[in-house]
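[1] need a structure here:
(one chain, ligands or ions: 1)
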Amino acid sequence: MDIIDFANIPCTSDALEYLRKLDIGSNDLCTQAVFESIRLTGKERVLEAFKDGVLKYRRFNKLAAEKELLAYPIARIIVSCINNNYLTKRYALAVAKSSYEHIKDLKSAVLLKELAADFGINIRFDDMMNVSMHFTDYIQCVHVLHDPKWKMLNRTVKQGTLMISRDDLARLMEEVVRQKVESGLPHEVPKDIQMALEPYIAEVREIIYTRTSKQGFRKEGFSEVIPDCFPPCISTAITDVQANVNLSHTMRFAMTSFLLNIGMAPDNVTEIFKASPDFKEQATSYQISHINGASGTTYTCPSCATMATNGNCPGKSMCNKIENPLVCHRRKVWVQNRRRETR
Ligand code: SF4
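    Below you'll find the model as predicted:
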């Protein structure tokens, strides 16, 4: 891979190595006047991710690509310092989408294999350039992709291996990039670096806080319920949906049942899912009315124990002795009402 690849897929080990070899200290990058345009580019990328969900800039020459790659750690520092769930997810998704655009145009089998190996995926090409991979690698990548075409049932597995198209490979790698970028954010930022980047951070923060809530998600469309009182698991799920991140099946069920259980209208729940990358109005409405009792059983939001088992609880420590997200919500509403009465 070369610098153009690194600038387009900046989360690879080789891109990191390239940055190391440039031997520019993070202090210099964040403070020296000569790097001002790189800091501005880093800030611009964060704002693009936040506003548009994509990084618009395409890099085609070495100089521009190097600048872009250097702007990547700056953007990560800004995202880390702001530490807003919604922004983090939006940024990771934007880097992933931009990487996808580049990966789908890569022609070299050697390069694609190298890239996949860097992401922990072992792929093979046959003489016709068809891609095959082990089903365990496949499952690891597709678990949050809901379109039926990704289901194992719709793939032919032979001796533990399945075939995928080149475009599907690019899409799988997009998902790996998203997870990789997101899992490393926010990271620790030394105080002096935070101070050096404060003007950029403040500018981004101001734009973000005019559009999102402290909880990290936009509150429009929740008129009949109180989003301030949502438990962390549900706030996180809504943040994910609004940031165009696919939810797992279990989290979708939990979020839907929770919102219906607290009295949200099914149509408004459907509206929330509209931001999902794989949104299909008819299927979503059907699932929501099914959970809401259309077939005779009204489902209740799963318990915290089930949420934790399914990996949907962002941290039990955030909730005090809670057994169900609905109880958490009820307590918060009670506390809020008490405060109002006292006032
Ligand atoms: S403890 Fe329960 S209510 Fe709190 S975040 Fe976890 S699942 Fe949600």
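[2] OK, now which residue of the stretch 51-200 of the chain is nearest to the ligand?
    Closest residue of the stretch 51-200 of the chain to the ligand, Cβ to the nearest ligand atom: Asn85 (13.1 Å). Heads up, the C-betas are built off the backbone N, CA and C, glycines and all.
[3] Quickly find the element holding the residue positioned nearest the centre of the chain.
    The chain has Lys89 as the residue nearest its centroid, 3.6 Å off, counting by Cα atoms, centre = their mean. Element membership of Lys89, judged by DSSP states H and E, is helix 85-103.
[4] wait, the residue of the stretch 51-200 of the chain closest to the ligand sits on Thr239?
    Yes. Asn85 lies in contact with Thr239 (Cβ atoms under 8 Å); the separation is 4.6 Å.
[5] Domain parsing of this structure, as residue ranges.
    3-99+188-209, 109-178, 213-342 (automatic domain parsing).
[6] can you put these in TSV and add mean pLDDT?
    Converted to TSV, those look like this (pLDDT from 0 to 100):
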stretch	mean pLDDT
domain 3-99+188-209	92
domain 109-178	89
domain 213-342	86
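[7] so which of those domains is the most packed in?
    Mean neighbours per residue, mean count of other Cβ atoms under 10 Å, is largest over these for domain 3-99+188-209, with a mean of 18.
[8] near the ligand, which residues of this protein?
    231-233, 304, 307, 313-314, 316, 318-319, 322, 325, 328 (Cβ under 6 Å from any ligand atom).
[9] Now intersect these with the helices, please.
    Among the residues of the chain next to the ligand, the members falling in helices (DSSP state H) are Pro232, Cys233, Cys304, Met307, Pro325, Cys328.
[10] which among the residues you listed gets closest to Ile291?
    Pro325 (14.6 Å; Cβ to Cβ).
[11] what's the spacing between the nearest residue to the closest one once chain neighbours are set aside and Asn320?
    By the measure of Cβ to Cβ, 6 or more residues apart in numbering, the closest residue to Pro325 outside its immediate chain neighbours is Pro231, 4.4 Å from it. Applying Cβ to Cβ, to the nearest Å, the value for Pro231 to Asn320 is 11 Å.
[12] and if you look at Leu197?
    36 Å.
[13] same check, this time on Phe279
    Using Cβ to Cβ, one gets 35 Å for the distance from Phe279 to Asn320.
[14] now swap in Thr342 and tell me
    The gap separating Thr342 from Asn320 is 21 Å, by Cβ to Cβ.
[15] Over to Asn261?
    From Asn261 over to Asn320 (counting by Cβ to Cβ), the distance is 21 Å.
[16] Tell me where the stretch 101-250 of the chain has strands.
    123-125, 131-134, 157-158, 161-164 (DSSP state E, counting those that start in this stretch).
[17] Report all helices and strands that the helix holding Lys89 contacts.
    helix 3-8, helix 36-52, helix 62-82, helix 166-183, helix 198-211, helix 232-242 (3 or more Cβ pairs under 8 Å, 6 or more residues apart in numbering; DSSP states H and E).
[18] can you give me the angle it makes with helix 62-82?
    Angle of helix 85-103 versus helix 62-82, following axes from the mean of the first three to the mean of the last three Cα atoms, to 10 degrees, is 160 degrees.
[19] Only alpha carbons, please: show helix 85-103 as CSV.
    Written as CSV, here are the backbone C-alpha positions of helix 85-103 (Å, rounded to 0.1, in the frame of the first residue of the first chain):
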residue,chain,number,x,y,z
ASN,A,85,-21.2,9.6,21.7
TYR,A,86,-23.0,10.8,18.7
LEU,A,87,-20.0,12.6,17.2
THR,A,88,-17.7,9.6,17.9
LYS,A,89,-20.1,7.3,16.0
ARG,A,90,-20.6,9.7,13.2
TYR,A,91,-16.9,10.2,12.8
ALA,A,92,-16.1,6.5,12.8
LEU,A,93,-18.9,5.9,10.2
ALA,A,94,-17.6,8.7,8.0
VAL,A,95,-14.0,7.3,8.0
ALA,A,96,-15.5,3.9,7.2
LYS,A,97,-17.6,5.2,4.3
SER,A,98,-14.6,7.1,2.8
SER,A,99,-12.5,3.9,3.2
TYR,A,100,-15.2,1.9,1.4
GLU,A,101,-15.1,4.2,-1.6
HIS,A,102,-11.4,3.7,-1.9
ILE,A,103,-11.4,-0.1,-1.2
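[20] Now find how far off-centre it is within its chain.
    Averaging C-alpha positions (Cα atoms, centre = their mean, to the nearest Å) puts helix 85-103 7 Å from its chain's average.
[21] Could you check the angle that helix makes with helix 166-183?
    150 degrees.
[22] Look up how far Gln32 lies from the closest residue to Ile78 other than its chain neighbours.
    Using Cβ to Cβ, 6+ apart and skipping the chain neighbours, the partner closest in space to Ile78 is Val46 (5.0 Å). Distance from Val46 to Gln32, counting by Cβ to Cβ: 20 Å.
[23] now Ile139
    Distance of Ile139 to Gln32, computed by Cβ to Cβ: 46 Å.
[24] Check Pro190 too.
    Using Cβ to Cβ, Pro190 is found at 16 Å from Gln32.
[25] do Gly263 as well
    56 Å.
[26] What of Val327?
    53 Å.
[27] Report the contact partners of the residue of the stretch 101-250 of the chain found nearest the ligand.
    Closest residue of the stretch 101-250 of the chain to the ligand, Cβ to the nearest ligand atom: Cys233 (3.1 Å). For Cys233, the contact set (Cβ atoms under 8 Å, 6 or more residues apart in numbering) comprises Ala254, Met307, Asn312, Cys313, Pro314, Pro325.
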